[in-house]
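>>> no sequence on this one, just coordinates:
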């Protein structure tokens, strides 16, 4: 454990967006043609799926896995949380996070979510908007605004969500570097399991001291809120709070980093929509919803069948793992006109990019607010910016998690 | 002139996601205990109300006109 920690000393290891590069195979630049093809074949498939590099061997000891591509079918699964259990996440995420609302079913989920939900309501989040989010983004912009060019992933989108979470938790500024480092290592646990587990343990130890302090001197921060939270006489145990805080890193940091990057990518590639949003900031809400449809940061949600079921005429065995292809559902040709196009003016605005049903993203209002403030700050400080014609063209990449890894832009004197 | 839309919220289903408040803040609000309530049914245009109801993650919001349920999906 000690050597793993020292190898990732936050003081010496620079923060690199490429560490979050998705390691899963398939066509990571554009998986959508294959996803459309599979959805056209059937919105629900049983057995291993061939994403273009051959399918895995079936495992005869387990019920055949199910993969869902269609929008209505995904909604049906997410709505029916009695048939389709979230317990599948115990194996996947539970080891790293501890027991969290992600893997709970009803009624346990409802009770636990109710304890943390008040802190994530849009009205409650307003208090963070000016003093916190705008401040964080402005500080980041300060560091490059005079140069006339920047990589907006490295300078902005990769940095602001984790700093916002750190401030919402009330962590001291001097702790940000190590918090950022742990956040990255936990989030990239699929790429490096040991490192992720070590970071998870280190973060747990760190929060023990923070919690003790908040119990004796509560402040205006999320940890103090959680310590005080009570619903029907139930409170969160310390362990439950640690687990929830750990979950905030992948759930609250990585997703916002990816969504805000993809939104900038979309706007930089469509001048008409860039200018429309630049001129009318009230359009942000629909622009952000559209990017969460077009390039959802999390492209797959998992469930496990709690009983035998049938979906779109396909039989599902009890115990079968079910992969909901959010990226495919959000571009279902039966629901959306011209689904592969980013169009903030489209009529059909419903999507499953934040999930659906009782587990729908708890942090969606925070993600919307943070990204709005970040984009407005960029618009106001940089003026209209464009892709840097001299830099390598950026791409959105990834299979399970998608976003651009760089966004080189020029502005003002640099443009 | 057709009758105004009536908004019904199934309190048992509502899990306080706040998505309706996001789409139609002049019509919906969250109560102290985290449930959606209608503050002003006429403050939002019908198209926007339909999006708010459609976006409810637990399908707790239904729209009614003259005692009949209005379908949320329209050819779009």
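Looks like it came in fine. The structure displayed is predicted, hence computed values, not measured ones.

>>> State the distance from the residue lying closest to residue A:232 once chain neighbours are set aside to chain B.
With sequence-adjacent residues excluded and distances taken as C-beta to C-beta, 6 or more residues apart in numbering or on different chains, residue A:232 is closest to residue A:111, at 7.7 Å. The way it works is simple: take the backbone N, C-alpha and C, and place the C-beta from them, glycine included. Distance from residue A:111 to chain B, counting by C-beta to the nearest C-beta, to the nearest Å: 12 Å.

>>> Next, count neighbours for residue A:111.
Residues near residue A:111, counting by other C-beta atoms under 10 Å in any protein chain shown, number 14.

>>> right, and the helix or strand after the helix or strand hosting it?
If you go by DSSP states H and E, residue A:111 is part of helix A:108-116. On the C-terminal side of helix A:108-116, the closest following helix or strand by DSSP H and E is helix A:122-128.

>>> is that next one anywhere near chain B?
Yes - using C-beta under 8 Å from any C-beta of the partner chain, helix A:122-128 reaches chain B at A:122, A:123.

>>> elements contacting that helix?
In this structure, helix A:122-128 packs against helix A:160-168, helix A:364-382, with contacts taken as 3 or more C-beta pairs under 8 Å, 6 or more residues apart in numbering or on different chains; DSSP states H and E.

>>> Just want the angle from the last one to helix A:160-168.
Looking back up the chat, that one is helix A:364-382. On the basis of axes from the mean of the first three to the mean of the last three C-alpha atoms, to 10 degrees, helix A:364-382 is oriented at 120 degrees to helix A:160-168.

>>> Which other helices and strands does the helix or strand following helix A:364-382 contact?
Next helix or strand after helix A:364-382 toward the C-terminus (DSSP H and E): strand A:386-387. Contacts defined by 3+ C-beta pairs under 8 Å, 6+ apart place strand A:386-387 against strand A:408-410.

>>> which residues of chain B score low on pLDDT?
Within chain B, the ranges that satisfy pLDDT under 70 run B:1, B:74-76.

>>> Residues of it that sit close to chain A?
B:15-19, B:21-22, B:30, B:34, B:51, B:54-55, B:57-59, B:76.

>>> Alongside chain B, which residues does the stretch 1-150 of chain A contribute?
Within the stretch 1-150 of chain A, the positions adjacent to chain B are A:78, A:79, A:110, A:113, A:114, A:117, A:118, A:121, A:122, A:123 by C-beta under 8 Å from any C-beta.

>>> redo that, cut-off 7 Å
Neighbours of chain B within the stretch 1-150 of chain A, by C-beta under 7 Å from any C-beta of the partner chain: A:79, A:110, A:114, A:117, A:118, A:121, A:122.

>>> out of these, who has the most neighbours?
Most crowded among the residues of the stretch 1-150 of chain A next to chain B, counting by other C-beta under 10 Å, is residue A:117 at 21 neighbours.

>>> Now the element after the helix ranked longest in chain B, going C-ward?
Longest helix in chain B by number of residues (criterion: DSSP state H): helix B:46-54. Following helix B:46-54 in sequence order, the next helix or strand is strand B:61-65 (DSSP H and E).

>>> Packing partners of that next one?
Under the contact definition 3 or more C-beta pairs under 7 Å, 6 or more residues apart in numbering or on different chains; DSSP states H and E, strand B:61-65 sits against strand B:6-9, helix B:46-54, strand B:68-70.

>>> quick check: longest helix of chain A.
Chain A, longest helix under DSSP H: helix A:193-216.

>>> list the buried ones in that helix?
By 16 or more other C-beta atoms under 10 Å in any protein chain shown, the buried positions in helix A:193-216 come out as A:195-200, A:202-204, A:206-207, A:210-211, A:214.

>>> other SSEs contacting that helix?
Under the contact criterion of 3+ C-beta pairs under 7 Å, 6+ apart, helix A:193-216 touches helix A:2-7, helix A:94-97, helix A:176-187, helix A:222-228, helix A:238-248.

>>> Distance check, the residue positioned nearest the centre of chain A against residue A:162.
The centroid of chain A falls nearest to residue A:255 when counting by C-alpha atoms, centre = their mean (2.0 Å). Computed as C-beta to C-beta, to the nearest Å, the residue A:255 to residue A:162 distance reads 12 Å.

>>> any idea where the strands of the stretch 301-415 of chain A begin and end?
For the stretch 301-415 of chain A, the strands defined by DSSP state E, counting those that start in this stretch occupy A:309-311, A:314-316, A:321-325, A:386-387, A:396-397, A:403-404, A:408-410.

>>> among those, which is nearest residue A:36?
Residue A:36 lies closest, by C-beta to C-beta, to one member of those: strand A:321-325, at 10.9 Å.

>>> contacting residues around stretch A:151-158?
Around stretch A:151-158, the neighbours that count as contacts under C-beta atoms under 7 Å, 6 or more residues apart in numbering or on different chains are A:17, A:137, A:140, A:143-144, A:257, A:260-261, A:264, A:374, A:378, A:404-409.

>>> What's the PyMOL syntax to select whichever of those are buried?
To isolate the buried members of these in PyMOL, using 16+ other C-beta under 10 Å:
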select buried, chain A and resi 17+137+140+144+257+260+261+264+374+378+404+405+406+407+408+409
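
>>> residue ranges with poor pLDDT in chain A?
Along chain A, the model assigns pLDDT under 70 to residues A:1-27, A:413-415.

>>> any idea how far the residue nearest to residue A:70 when sequence neighbours are not counted lies from residue A:298?
Spatial nearest neighbour of residue A:70, excluding adjacent residues (C-beta to C-beta, 6+ apart): residue A:43 at 2.7 Å. Counting by C-beta to C-beta, the separation of residue A:43 from residue A:298 is 20 Å.

>>> Comparing these two, which residue is more hemmed in?
Neighbours per residue (other C-beta under 10 Å) separate residue A:43 from residue A:298, with residue A:43 holding more: 24 against 21.

>>> Which residues are in contact with residue B:55?
By C-beta under 7 Å, 6+ apart, the neighbours of residue B:55 are A:350, B:19, B:23.

>>> and if you look at residue A:345?
Residue A:345 touches nothing, counting by C-beta under 7 Å, 6+ apart.

>>> got it, and residue A:330?
Neighbouring residues of residue A:330 by C-beta under 7 Å, 6+ apart: A:293, A:296, A:351, A:352, A:353.

>>> Could you rerun that using 10 Å?
A:32, A:35, A:71, A:74, A:292-296, A:299, A:336, A:339, A:350-353 (C-beta atoms under 10 Å, 6 or more residues apart in numbering or on different chains).

>>> how close does the nearest residue to residue B:38 once chain neighbours are set aside sit to residue A:96?
Distances taken as C-beta to C-beta, 6+ apart place residue B:7 nearest to residue B:38, at 5.1 Å, with adjacent residues excluded. Separation of residue B:7 from residue A:96 (C-beta to C-beta): 42 Å.

>>> cool, residue A:249 as well?
From residue A:249 across to residue A:96, the span is 10 Å (C-beta to C-beta).

>>> Quickly list what's touching both of the two.
Joint contacts of residue A:249 and residue A:96 (C-beta under 10 Å, 6+ apart) are A:186, A:187, A:199, A:200.
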